[in-house]
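sequence and predicted structure are below.
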Amino acid sequence: MALTMLLIQRQDRQTVLKITTTEQPESLTLVLEGRLCRPWTSEVEGRWLDVLASAGEKEKEVWLDLEGVTFVDRDGEGLLGSILERGASVRASGVLVSYIVRQVQRRIATKTTVLPEARQDRVAAPACPSTPPSPKCKGPLGNS
């Protein structure tokens, strides 16, 4: 098992975020512990891209482990969305982080299922001719 680690500390030497990468025979996992928030999201994103590239080369499943995360801000939520859109599996615990993960997953599912259907509905709608409307074609205000 390969392991790499990075600690991000504030000026007062308090650790804010711990980033660890672990490798198993079938998977690579990016483990986060602490606060997933600005300005550290850029560092997490860089590590995530490294894990993603490595997993692709080795044909391994990719996991994001958030069980040690205690706080997520909007930047962290955005990064989480980007990571999940790329097909990562996620582990989370705690009420707040689990809720945020579910919300991000719902947004991704909505984006990939509802929008294409809405576009199809618009394309499939009958076009109104330039002649007077018929009962099958409603005018712009919904009346014939």
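Done, it's in.

dump the C-alpha coordinates for the helix or strand harbouring residue 81 into CSV.
Residue 81 is located in helix 74-85, with elements delineated by DSSP states H and E. Only the C-alpha atoms of helix 74-85 are listed here, as CSV (Å, rounded to 0.1, in the frame of the first residue of the first chain):
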residue,chain,number,x,y,z
ARG,A,74,-19.0,26.8,-0.9
ASP,A,75,-15.6,26.3,-2.6
GLY,A,76,-15.4,22.9,-1.0
GLU,A,77,-18.9,22.1,-2.2
GLY,A,78,-18.0,23.1,-5.8
LEU,A,79,-14.8,21.0,-5.7
LEU,A,80,-16.8,18.1,-4.3
GLY,A,81,-19.3,18.4,-7.3
SER,A,82,-16.4,18.4,-9.8
ILE,A,83,-14.9,15.3,-8.2
LEU,A,84,-18.2,13.4,-8.1
GLU,A,85,-19.0,14.4,-11.7
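
contacts for that helix?
35-38, 41, 44-45, 48, 64, 66, 72, 90, 100-101, 103-105, 107-108 (CB atoms under 8 Å, 6 or more residues apart in numbering). From N, CA and C alone the C-beta is placed, and that goes for glycine too.

so residue 42, which state does it fall into?
What DSSP: H, G, I helix; E, B strand; the rest coil gives for residue 42 is helix.

check the gap between it and residue 19 for me.
Separation of residue 42 from residue 19 (CB to CB, to the nearest Å) stands at 12 Å.

which one of the two has more residues nearby?
Taking neighbours as other CB atoms under 10 Å, residue 42 and residue 19 compare with residue 19 leading, 21 against 11.
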